[in-house]
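Enquirer: build me a structure from this.
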Amino acid sequence: MSTFRTYAYLRASTKEQDAGRARDSLIRFASEHKLVISAFFAENESGAKLQRPELFRLLEIAQKGDVVLVEQIDRISRLKDDDWYSLKSIIKAKGLRVVSLDLPTSHQFAVVSDEFTGRMLSAINDLMLDMLAAIARKDYEDRRRRQKEGIVKAKSEGRYLGRPTDIELQQKIEGLLSDKKSYDYIQHILSCSRTTISKVSKKLKQKSFDT
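Expert: Below you'll find the model as predicted:
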């Protein structure tokens, strides 16, 4: 019987995406490798951002020898080099094992029992982790570059309309502002930025002035 625990980490970049999408895949993998997932940690945060509440809650709870199970390495990291080094250092210092469905060399961590094999697998896996983390970062930077190029081109052709307005969110903010709710309250309830609230507030004031 295993003495370590397995924690599943799920991440999506935006609130419009489903962070729990890979849950079934992780459950299936765990079952096939005789692992029992002790807890799921899911959040909607960018993988290019180091400070992610649920990831760090997992890292705080996990103990030496425990497994961090993910669908792909880019769920953990799309980080730049220094941030990836910081995160990897925390994982190594705690003696955690990262098992990723897209990294076959990590799968043996689910069953390894002796120290020598564990150290050999760890050395190989560290190299592969670094490679996949670098690839994930490059993919992130390439997509952002292509997006910027697309915006520049669309602007030059007069086709760029900016981000679509979230009408439903705007209406909710208007209602709360009309009820004299504070920015902090609205931010907490709707999980939106103060900038968004401020923009809606200005529109409300302009409407009031126009009427």
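
Enquirer: mean confidence for stretch 199-206?
Expert: Mean pLDDT, stretch 199-206: 85.

Enquirer: let me see the domain layout of this protein.
Expert: 6-138, 167-210 (automatic domain parsing).

Enquirer: deepest-packed of those domains, please.
Expert: With neighbours defined as mean count of other CB atoms under 10 Å, the domains of the chain peak in mean count at domain 6-138, which reaches a mean of 16. Where C-beta positions appear, they are placed from N, C-alpha and C, glycine not excepted.

Enquirer: can you put the domains of the chain in JSON lines and add distance to residue 152?
Expert: Below are these laid out as JSON lines (distance: least, CB to CB, whole Å):
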{"stretch": "domain 6-138", "distance to residue 152": "21"}
{"stretch": "domain 167-210", "distance to residue 152": "23"}
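
Enquirer: out of the ones you listed, name the one with the poorest average pLDDT.
Expert: Averaging pLDDT over each of those puts domain 167-210 lowest, since it has a mean of 84.

Enquirer: centre of the chain to that domain, how far?
Expert: Put simply, domain 167-210 sits 27 Å off its chain's centre (CA atoms, centre = their mean, to the nearest Å).

Enquirer: circling back to that earlier point, out of the domains of the chain, which is closest to residue 154?
Expert: Nearest of the domains of the chain to residue 154, taken as CB to CB: domain 6-138 at 20.7 Å.

Enquirer: what's the span of that closest one, first residue to last?
Expert: One end of domain 6-138 sits 29 Å from the other (CA to CA, to the nearest Å).

Enquirer: okay, helices next: where are they in the protein?
Expert: Listed in chain order, the helices of the chain (DSSP state H) span 23-32, 53-61, 73-76, 81-93, 104-107, 115-156, 167-178, 183-190, 194-210.

Enquirer: nearest to residue 41, out of those?
Expert: It is, among the helices of the chain and with distance given as CB to CB, helix 53-61, at 4.3 Å.

Enquirer: quick one: which of the helices of the chain is nearest residue 17?
Expert: Among the helices of the chain, helix 73-76 comes nearest to residue 17, with 11.8 Å by CB to CB.
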